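**Student:** Let's see this in three dimensions:
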Amino acid sequence: MAATSVTTDLTTVAFADINNTDGGGAETWTQSGDTTFDNGGSPSDEPDFYIQGTTCVSANHTKSGVNTNTLLFDAGATQTLPTDGAYLIWCFWASPPSLNTYDAATPGLMTAVGTSTTNTDYYVASGSNFEPNPLGGWFCYAVDPSSHTATTTTGSGGGGGDGQVLGMAVTGAQQARGQSFAVDAIRTGRCSSVVTGGTDANPDATFTDISDTLDTSTNRYGIFQAVPGGFSWQGRLALGDGTNEVQFNDSNKNITIINTPKVSAGFHLIEVQNGTANNSLVQWENITFINAGINDPVSNTASRGDFLMTDSANVIFTGCSFTDMGTFDFNAATQQNLCTDVTFRRCETVTQTGATFTNCSFENTISAIQLVSNTTTADSISGCTFVGDGTSHAVDIGNVTANSQIVWNSTFNSAGYSGTNVNNTATTPGDSEVLLCNVSTGVTLTVSVEDGVAAPSYRNQGPGTVSVQTLVNFDITNIRTGTEIRLYKQTAPAALGLGGIEDVSNSGTYDSGFSQIGGPGVNSDTNYSVRYQYNYADFGTDTPIWVIVQALNFQYLRLGFTLTNTNGSLQINQVTDRNYTNPD
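**Tutor:** I've put the predicted structure just below:
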């Protein structure tokens, strides 16, 4: 049994503590060695308005006119960043309106990464017109120098990579008095919030557990914080760590992904991993993720935020929404991934990999494909809604190398997709048929469309055949529990079985094409009898069938019925067999 554990991979490079007030050791802070970047007061300990611990480093900005000042820390050795990692630097500026703008030649706030205080790269971080301004306040800035070109440099620059000297630069109007510029802790790493445990009898892990651990007055890591209305997040959210599983269960929470213009594309990541017990569970209800850095009028984020299941684990999303995020890669190889009433809005491609999507909404993807599926898993896409903008396919079925059938019962906006079927032609950017597939020579993909929804258009990139057929419903009602039902064609090929139902009950088994639509506890139906539905493709002509009904203590029935191209139903009236004797 394991209680919830929240950890991070971040290493603190500097506590912003010149006189060892916080006990982390005395630190030497300085200004830039370039005279155009040292137009402020010297660094000093600031005991009054720090963001963590008991002190930060501050300086005045009292020189007349608009000037640039820096607060820099020399770590003594190069601080190597991992892939998709970042330097995190806490910074404060007291007068947001006095800053240069984000897009000025010398922006209002810049992160500094250099090999020395003279040879430094500076990367735009903020300005009077960019977050957290115009309100201002402490903010944790993330920068990955290997992913971006420096905004400006001093000396020969920092080389565009890992740095030894880290800090911040401010460019703004004179502040008549006081310490208006401050820097607090500097950290480096993959910026991971790692959550494990919450298993067995222990309380499940929650989002509050993360902020309570990683955002304290002693250590504010700047990667997961409680804010009014929810949480803000940046970096990697690891649920399970490959050795230790997690049981994470939360509901009704809003998470905003911080706008991070100077990181790698893979910086924001939700990653699900199992442990040695192979039993991770992530269960979210009404959880909302939204990326605040998409379509920002000043600067977009560099990282949308992906969802990746590295291991097959149990993931259950109900009523969740993900807006302006990246790719979603599910993995239900050995466990269940259930998405019900989930919205993917303006995200990149969602890859199914065994997940079940029920009543989900895929809206205006920014990729060429909204959902990647295949002939095995496509039937697990049920009652979904696809909203396109005329530039993407809804579902990619992939390569079809054997005769296959999929059932289509989802809807789509007709204005968002091409209504024309295309065969033996590769897709190109901007194509927008609902279905995309590649059917091999001599192979047929049958798309069975359930009654009440429009047939999807398709683009078949291969030489094979796509056959779109409308499904018809045959309802069988008033069935007693414990009954077996079988359907057979009356005409050639002789006694062709259409499938059936074993041991009719709330948990009975049934063949493909059958579904339970009523009975005790099903769809709020409290009737003692059970109702099933058989979905079939139009046979092209009226087809007589036998409905075989048999159950212990009831007479054997063979009922004739004709399947047509319209919906039909048959009520079963089972009669007690007075000659039946239970051998038990």
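**Student:** Quickly list what residue 86 is bridged to.
**Tutor:** Beta-bridge pairing of residue 86 under DSSP bridges involves residue 189.
**Student:** Give me the local confidence score for it.
**Tutor:** Per-residue confidence (pLDDT) for residue 86: 98.
**Student:** Tell me how many other residues crowd it.
**Tutor:** Using other Cβ atoms under 10 Å, residue 86 has 29 neighbouring residues. For glycine as for every other residue, the C-beta is placed from the backbone atoms N, C-alpha and C.
**Student:** Can you list the helices and strands that the lowest-mean-pLDDT helix or strand in the chain packs against?
**Tutor:** Every helix and strand in the chain was compared by mean pLDDT, DSSP states H and E; the lowest is strand 509-510, with a mean of 70. Counting by 3 or more Cβ pairs under 8 Å, 6 or more residues apart in numbering; DSSP states H and E, the packing neighbours recorded for strand 509-510 are strand 497-502.
**Student:** which residues touch the least confident helix or strand of the chain?
**Tutor:** With Cβ atoms under 8 Å, 6 or more residues apart in numbering as the test, strand 509-510 has contacts from 499-503, 516, 532.
**Student:** Which parts of the stretch 151-300 of the chain are strands?
**Tutor:** For the stretch 151-300 of the chain, the strands defined by DSSP state E, counting those that start in this stretch cover 152-154, 163-173, 181-189, 192-196, 224-227, 230-233, 236-239, 247-257, 269-272, 281-291.
**Student:** For residue 491, find the nearest of those strands.
**Tutor:** Closest to residue 491 of the strands of the stretch 151-300 of the chain is strand 281-291 (Cβ to Cβ; 50.3 Å).
**Student:** ok, and what's touching the helix or strand just after that closest one?
**Tutor:** Downstream of strand 281-291, the first helix or strand assigned by DSSP states H and E is strand 306-309. Counting by Cβ under 8 Å, 6+ apart, strand 306-309 makes contact with 266, 268-272, 315, 322, 325-331, 337, 348, 353, all of which sit outside it.
**Student:** And for the closest residue in space to residue 259 that isn't next to it in sequence, the neighbour number?
**Tutor:** Counting by Cβ to Cβ, 6 or more residues apart in numbering, residue 293 is the residue found nearest to residue 259 once chain neighbours are left out, at 3.1 Å. Residues within reach of residue 293, counting by other Cβ under 10 Å, total 23.
**Student:** My read is that residue 293 contacts residue 263, right?
**Tutor:** No. When contacts are counted by Cβ atoms under 8 Å, residue 293 is not listed as touching residue 263 (10.1 Å).
**Student:** residues bridging contact with these two, i.e. touching both?
**Tutor:** In contact with both residue 293 and residue 263: residue 303, using Cβ under 8 Å, 6+ apart.
**Student:** I'd say residue 33 and residue 165 touch.
**Tutor:** No. Residue 33 lies out of contact with residue 165 (Cβ under 8 Å); the separation is 9.6 Å.
**Student:** Neighbour count: these two, which is higher?
**Tutor:** Taking other Cβ under 10 Å, residue 33 and residue 165 do not tie; residue 165 has more neighbours (26 against 18).
**Student:** Can you tell me how far residue 117 is from residue 346?
**Tutor:** In this view, residue 117 and residue 346 are 43 Å apart by Cβ to Cβ, to the nearest Å.
**Student:** per the record, what domains does this protein have?
**Tutor:** Using automatic domain parsing, the domains assigned to the chain come out as 5-188, 191-348, 473-571.
**Student:** so which of those domains comes closest to residue 453?
**Tutor:** That would be domain 473-571 among the domains of the chain, by Cβ to Cβ, at 12.1 Å.
**Student:** what separates the closest one from the chain centre, distance-wise?
**Tutor:** Between the centre of domain 473-571 and the centre of its chain there are 40 Å (Cα atoms, centre = their mean, to the nearest Å).
**Student:** Please apply the same query to stretch 201-209.
**Tutor:** Remark: stretch 201-209 is offset 20 Å from the chain centroid, using Cα atoms, centre = their mean.
**Student:** what sits against residue 318?
**Tutor:** 284-286, 338, 340-342.
**Student:** if we go to 7 Å?
**Tutor:** Applying Cβ atoms under 7 Å, 6 or more residues apart in numbering to residue 318 gives the contacts 285, 340-341.
**Student:** and what of residue 298?
**Tutor:** 102-103, 129-130.
**Student:** if we go to 6 Å?
**Tutor:** 102, 129-130 (Cβ atoms under 6 Å, 6 or more residues apart in numbering).
**Student:** cool, and residue 543?
**Tutor:** residue 563.
**Student:** mind listing the helices for this structure?
**Tutor:** Chain-ordered helices for the chain, with DSSP state H as the definition, fall at 207-214.
**Student:** so where's this protein shaky on pLDDT?
**Tutor:** Low-confidence segments of the chain (pLDDT under 70): 1, 21-23, 492-496, 503, 505-508, 520-528, 538, 583-584.
**Student:** Nearest the middle, which residue of it would you pick?
**Tutor:** For the chain, residue 307 is the residue whose C-alpha lies nearest the centre (Cα atoms, centre = their mean; 4.1 Å).
**Student:** how close does that one get to residue 269?
**Tutor:** Note on residue 307: its distance to residue 269, by Cβ to Cβ, is 8 Å.
**Student:** what do you get for residue 417?
**Tutor:** 31 Å.
**Student:** quick one, which of the two is more surrounded?
**Tutor:** residue 417 (24 against 19).
**Student:** and the more buried one, what does it touch?
**Tutor:** 388, 432, 434.
**Student:** if you set the cut-off to 7 Å instead, what comes out?
**Tutor:** 388, 394, 432-434, 457 are the contacts of residue 417 under Cβ under 7 Å, 6+ apart.
**Student:** do the same with residue 274
**Tutor:** Residue 274 makes contacts with 240, 245, 280, 311, 313, as judged by Cβ under 7 Å, 6+ apart.
**Student:** Can you add distance to residue 113 and give the strands of the stretch 151-300 of the chain back as TSV?
**Tutor:** Shown next, in TSV, are these (distance: least, Cβ to Cβ, whole Å):
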stretch	distance to residue 113
strand 152-154	10
strand 163-173	4
strand 181-189	10
strand 192-196	21
strand 224-227	24
strand 230-233	23
strand 236-239	20
strand 247-257	23
strand 269-272	22
strand 281-291	25
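**Student:** Tell me which of those lies nearest to residue 569.
**Tutor:** strand 281-291 (36.0 Å).
**Student:** report the angle between the axes of the closest one and strand 192-196?
**Tutor:** Counting by axes from the mean of the first three to the mean of the last three Cα atoms, to 10 degrees, strand 281-291 lies at 160 degrees to strand 192-196.
**Student:** Each with direction, which strands does strand 281-291 pair with?
**Tutor:** Looking at strand 281-291 with DSSP bridges, its partner strands are strand 247-257 (parallel), strand 314-318 (parallel), strand 321-323 (parallel).
**Student:** Turn those strands into CSV, including distance to residue 79.
**Tutor:** Below are the strands paired with strand 281-291 laid out as CSV (distance: least, Cβ to Cβ, whole Å):
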stretch, distance to residue 79
strand 247-257, 25
strand 314-318, 35
strand 321-323, 33
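**Student:** out of those strands, which comes closest to residue 112?
**Tutor:** Closest to residue 112 of these is strand 247-257 (Cβ to Cβ; 24.8 Å).
**Student:** The least confident helix or strand of the chain: partners in the sheet, and parallel or antiparallel?
**Tutor:** strand 497-502 (antiparallel).
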